[in-house]
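J.: got a sequence here, can you build the structure:
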Amino acid sequence: MILCSCNMITDRDVRASVKPCGAAADRARDVFRAKGCLPRCGRCVRNIQNLCEREAAAKVEGRPQATRSDPAFAIAAE
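T.: Next up, the predicted model:
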């Protein structure tokens with residue numbers, strides 16, 4: 001699913017983004033840096049941040065990551 005239409009960032013891009021230190025991205029700014037771009041209109045930042053937080057929580061709790069069929073994913077994509 002496309003989260004940022006200005007920069008064509010998808011949910012898969014968010015999950016694949018890492019910080020320079022090699023840790024998973026935990027903030028929207030880390031995702032933009034990993035993709036080599038900046039937010040343009042800014043409407044996507046909240047959704048990207050929510051997905052980063054959900055992914056981090058899932059890893060801490062040992063849960064599988066959210067998928068499109070997961071109701072929690074729909075909240076992150078709002």
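
J.: which ones are touching the residue most central in space within the chain?
T.: Using C-alpha atoms, centre = their mean, the residue of the chain that lies closest to the mean C-alpha position is residue 14, 3.5 Å off. By C-beta atoms under 8 Å, 6 or more residues apart in numbering, residue 14 lies in contact with 3, 25, 31, 48, 51-52, 55. No exception for glycine: its C-beta is placed from N, CA and C like everyone else's.

J.: can you check residue 16 too?
T.: residue 34.

J.: look up how far residue 41 lies from it.
T.: Here residue 16 is placed at a distance of 23 Å from residue 41 (C-beta to C-beta, to the nearest Å).

J.: how long is stretch 36-51 end to end?
T.: 19 Å (C-alpha to C-alpha, to the nearest Å).

J.: ok, and for that stretch, which residues are buried?
T.: Residues of stretch 36-51 classed as buried by neighbour count (16 or more other C-beta atoms under 10 Å): 39, 44-45, 47-51.

J.: centre of the chain to it, how far?
T.: 9 Å (C-alpha atoms, centre = their mean, to the nearest Å).

J.: what about that stretch, average pLDDT?
T.: Across stretch 36-51, pLDDT averages out at 96.

J.: just to revisit the earlier point, neighbour-wise, give me the winner out of the contacts of residue 14.
T.: Neighbour counts for the contacts of residue 14 (other C-beta atoms under 10 Å) peak at residue 31, which has 29 neighbours.
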